[in-house]
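> My questions are about this predicted structure, shown below with the sequence.
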Amino acid sequence: MESSNYKLTRLRKIMLINFIILICAILVWVFLGKSDLFKKNIWTWFTNPVLDTNIGETLIENKNINLESYLLDYEKEKIKNGDITNLSVYFRNLNNGNRFGIEEKEMFSPASLMKLPLLMAYYKKSEIEKWFLDKKLTFTKNWTSDEYIQNILPKKRLEVGKQYKIIDIIDQMIRYSDNEASIFLERNININEFKKVFTDVGIEFPAFTDWRFDNNIRVVDYASFFRVLFNASYLNREDSEKVLNLLTKTEFKDWLVAGISDSNILVSHKFGERSIFWNNWIERMQRHDCWIVYYPEHPYLLCIMTRGYDWNKIKSVLQEVSSIVYQKVTEAYK
């Protein structure tokens with residue numbers, strides 16, 4: 001039989017364990033109640049917080065950030081030095097809507113930027129066909145090899161003959177900007193459903209020329225995709241969150257993302273590059289990047305499109321513009 005002292009010792013241990021559990025439960029409850037991270041529903045992290053609250057935007061201090069004249073001087077200097085031939089910039093403060101543009105109506109080739117509206121077309125379809133993104137497709141290549149050549153190679157590839165859920169092919173396309181995944185998805189959706197994303201947002205669908213895209217999209221137009229995602233005004237709230245979340249997982253971070261000094265700040269972005277040989281057979285290169293920077297309490301949208309003759313110089317311009325904007329925002333709000 002157990003001694004009375006042994007029973008008492010065991011009872012004290014049980015009471016101590018229960019006390020510790022109670023204290024932990026209280027701490028967790030307090031943390032969940034006070035932490036902004038847990039106050040937010042997991043599906044309200046990347047879209048406009050105003051959609052979720054009656055708090056007026058006036059409670060968040062907003063300032064007009066003087067960037068336009070500064071970047072105009074920067075553009076002139078870079079063109080004069082021959083670093084680039086064209087620079088288009090679109091900036092928007094997502095709290096108060098203040099915006100500016102530099103050469104925002106200049107036409108560029110969208111290249112891999114087209115993967116975002118393609119992704120949106122699939123999610124729009126899934127709002128009608130509930131389990132559409134879970135449907136499995138057998139990955140095949142029925143196109144010529146030069147259709148999916150890309151300079152920035154994916155870290156992994158889809159396997160021919162293997163079945164994948166559509167949602168996993170989408171992940172491959174965005175995470176690695178995989179042209180093979182993109183072409184496969186283009187050929188497994190009605191082209192009119194793809195085009196409708198553009199017309200619904202109020203943009204003209206870029207015309208095809210031998211499967212390629214000409215210079216036929218403007219930075220101000222492309223920024224619209226990010227605005228409707230942030231405001232959940234095209235896809236529903238949950239799907240807008242999923243898309244913006246996926247865009248934060250893009251593996252490539254050498255351009256705009258490299259201009260941010262704080263690696264803890266989340267960004268949702270899509271990039272693209274394209275080289276075109278003109279009539280004189282001189283190669284002109286384009287690099288673009290568009291994103292939402294989730295700067296604490298002051299998210300902003302920045303899209304940049306460039307054209308020039310040197311990949312590295314174009315890359316430097318993207319990084320420098322990103323850094324300039326980030327520094328100006330930090331100076332205004334720190």
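Arrived safely, thanks for sending.

> which element follows the helix or strand of the chain with the lowest mean pLDDT toward the C-terminus?
Lowest mean confidence among the helices and strands of the chain (mean pLDDT, DSSP states H and E): helix 36-39, at a mean of 38. Downstream of helix 36-39, the first helix or strand assigned by DSSP states H and E is helix 68-80.

> What residues of that next one count as buried?
By neighbour count, with 16 or more other CB atoms under 10 Å as the criterion, the buried positions of helix 68-80 are 71, 74-75, 78. Placement of C-beta: from N, CA and C, glycine included.

> closest to residue 235 among these?
Lowest distance from residue 235 to these (CB to CB) belongs to residue 71, with 31.1 Å.

> Relative to residue 176, how far out is the closest one?
As judged by CB to CB, to the nearest Å, residue 71 and residue 176 stand 31 Å apart.

> what does residue 193 give?
Taking CB to CB, one finds residue 193 at 24 Å from residue 176.

> ditto for residue 252
Distance, residue 252 to residue 176, using CB to CB: 8 Å.

> quick one: which of those two has more around it?
Higher neighbour count among residue 252 and residue 176: residue 176, with 22 against 17, using other CB atoms under 10 Å.

> Name all residues that make contact with that one.
By CB atoms under 8 Å, 6 or more residues apart in numbering, the residues touching residue 176 are 154-156, 251-252.

> Just flag the most distant two among those.
For those, the farthest-apart pair by CB to CB is 156 and 252; their separation is 13.7 Å.

> Could you check the pLDDT of residue 216?
Looking at residue 216, its pLDDT stands at 85.

> For the spatially closest residue to it that is not a sequence neighbour, which three-state class applies?
Among residues not flanking residue 216 along the chain, residue 206 sits closest, at 4.4 Å (CB to CB, 6 or more residues apart in numbering). Following DSSP: H, G, I helix; E, B strand; the rest coil, the label given to residue 206 is coil.

> do residue 184 as well
When classified by three-state DSSP, residue 184 comes out as helix.

> how many other residues sit next to it?
23.

> thought it was touching residue 157?
No - Residue 184 sits out of contact with residue 157 when judged by CB atoms under 8 Å, with a separation of 11.6 Å.

> buried sites along the helix or strand harbouring residue 121?
Taking DSSP H and E as the criterion, residue 121 maps to helix 115-128. For helix 115-128, the buried set under the neighbour-count rule, 16+ other CB under 10 Å, comprises 115-126.

> neighbours around the residue nearest to residue 216, how many?
Per other CB under 10 Å, the neighbour tally for residue 206 reads 21.

> need the contact list for it.
So residue 206 contacts 110, 114, 198, 213-214, 216-217 (CB under 8 Å, 6+ apart).

> Please report how far it lies from residue 231.
Residue 206 sits 23 Å away from residue 231, going by CB to CB.

> Kindly report the same for residue 108.
Separation of residue 108 from residue 231 (CB to CB): 24 Å.

> When these two are compared, which one has more neighbours?
residue 108 (25 against 15).

> hang on, the earlier thing: buried members of the contacts of residue 206 into ChimeraX, please.
To isolate the buried members of the contacts of residue 206 in ChimeraX, using 16+ other CB under 10 Å:
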select :110,114,198,213,216,217
